[in-house]
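Undergrad: Give me a 3D structure for the following:
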Amino acid sequence: MADDRVEFELVSPERLLLSEEVEMVVVPGTEGDFGVLPRHTPMISTVRPGVIRVFEKGAVKESIFVAGGFAEVTPERCTVLAEQALPVAEIDRAAVEQQLQDAREDLAEAKDESARKATEKAVAVAEAMLRASQA
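TA: From the prediction side, this is the model:
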């Protein structure tokens, strides 16, 4: 690996989505977005619903929506274990709008704390996916 590159891996429960050396990657951490460059300080972070941006030659090469998960960063590598992930270009806006409407209805009908928390998460993911599709 070159000194000016960082190995980036994005893994969802279904498959390995991306594994390559990149210039930089920006991850939507729970405490805010963070950029990972070579020789980054080691860290672990939770990932909120949002867009991972992969950079090459100073520009965004790829944008991938993630529904949440965890990120591990070392000086040589950034690994994101995502709950769900798909390229932003593949987001079906109409389907996501329907998911959001359904989730909001489910939230209004939630009968206990556990159901309410699950539907709040579904609402947050759908809202983040809609924002990603507009960018």
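Undergrad: Please tell me how far the closest residue to Ser45 other than its chain neighbours sits from Leu17.
TA: Spatial nearest neighbour of Ser45, chain neighbours left out: Gly29 (4.4 Å); criterion: CB to CB, 6 or more residues apart in numbering. C-betas here are computed from N, CA, C, even on glycine. Using CB to CB, to the nearest Å, we find Gly29 at a distance of 18 Å from Leu17.
Undergrad: The longest helix along the chain: which residues count as buried?
TA: Longest helix in the chain by number of residues (criterion: DSSP state H): helix 113-134. Using 16 or more other CB atoms under 10 Å as the test for burial, helix 113-134 gives 119, 122-126, 128-129, 132-133.
Undergrad: Over to stretch 10-18?
TA: For stretch 10-18, burial by neighbour count (16+ other CB under 10 Å) applies to 10-12, 17-18.
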